[in-house]
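A.B. asks: Output the structure for:
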Amino acid sequence: MWWLLIGSALLLAGWGVLARKTWAEFLGIALAGLNAFTQLMFLGVYPGWSVAAMVVDGLIIYALTSRFDEFD
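C.D. replies: You can find the predicted model right below:
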């Protein structure tokens, strides 16, 4: 149930980012940060996947924050 809720929020944020909405940028940053934090729980079990996911989350946060002036 948790992953369905997060996936729905990510889908909503993705649509909002494509429409250049400010609320979607903040939602995307928050969800990427939450995902990077939760990957720490899986670091001992799946170290390669967890590190890769945290790197991708960092790139997402960087991409959303570096182009902040393009949003409404």
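
A.B. asks: Going by C-alpha atoms from here, please, whenever you check contacts or count neighbours.
C.D. replies: Fine.

A.B. asks: Looking only at the worst-scoring helix or strand of the chain on mean pLDDT, what residues are buried by neighbour count?
C.D. replies: Ranked by mean pLDDT, DSSP states H and E, the helix or strand of the chain with the weakest confidence is helix 2-18, at a mean of 91. By neighbour count on 16 or more other Cα atoms under 10 Å, the buried set for helix 2-18 is Ala9, Leu10, Ala13, Gly14, Gly16, Val17.

A.B. asks: Grab the nearest non-local neighbour of the last one.
C.D. replies: With Cα to Cα, 6 or more residues apart in numbering as the measure, Ala24 is the residue that lies nearest to Val17, at 5.4 Å, once sequence neighbours are left out.

A.B. asks: What is the burial count for the one you found?
C.D. replies: By the criterion of other Cα atoms under 10 Å, Ala24 has 22 neighbours.

A.B. asks: Give the buried residues for the longest helix along the chain.
C.D. replies: Looking across the chain with DSSP state H, the single longest helix is helix 47-66. By 16+ other Cα under 10 Å, the buried positions in helix 47-66 come out as Ser50, Val51, Ala53, Met54, Asp57, Gly58, Ile60, Ile61, Leu64.

A.B. asks: CA-only coordinates of that helix in CSV, if you can.
C.D. replies: Extracted C-alpha coordinates of helix 47-66, given in CSV (Å, rounded to 0.1, in the frame of the first residue of the first chain):
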residue,chain,number,x,y,z
PRO,A,47,24.2,-2.0,-1.1
GLY,A,48,24.6,-1.6,-4.9
TRP,A,49,21.0,-0.8,-5.6
SER,A,50,20.7,1.5,-2.6
VAL,A,51,23.7,3.6,-3.5
ALA,A,52,22.6,3.8,-7.2
ALA,A,53,19.1,4.9,-6.1
MET,A,54,20.6,7.5,-3.8
VAL,A,55,22.8,8.8,-6.6
VAL,A,56,19.7,9.1,-8.9
ASP,A,57,17.8,10.9,-6.1
GLY,A,58,20.6,13.3,-5.8
LEU,A,59,20.6,14.0,-9.5
ILE,A,60,16.9,14.6,-9.4
ILE,A,61,17.2,17.0,-6.6
TYR,A,62,20.0,18.8,-8.4
ALA,A,63,18.1,19.0,-11.6
LEU,A,64,15.0,20.4,-9.9
THR,A,65,16.9,23.0,-7.9
SER,A,66,19.3,24.2,-10.6
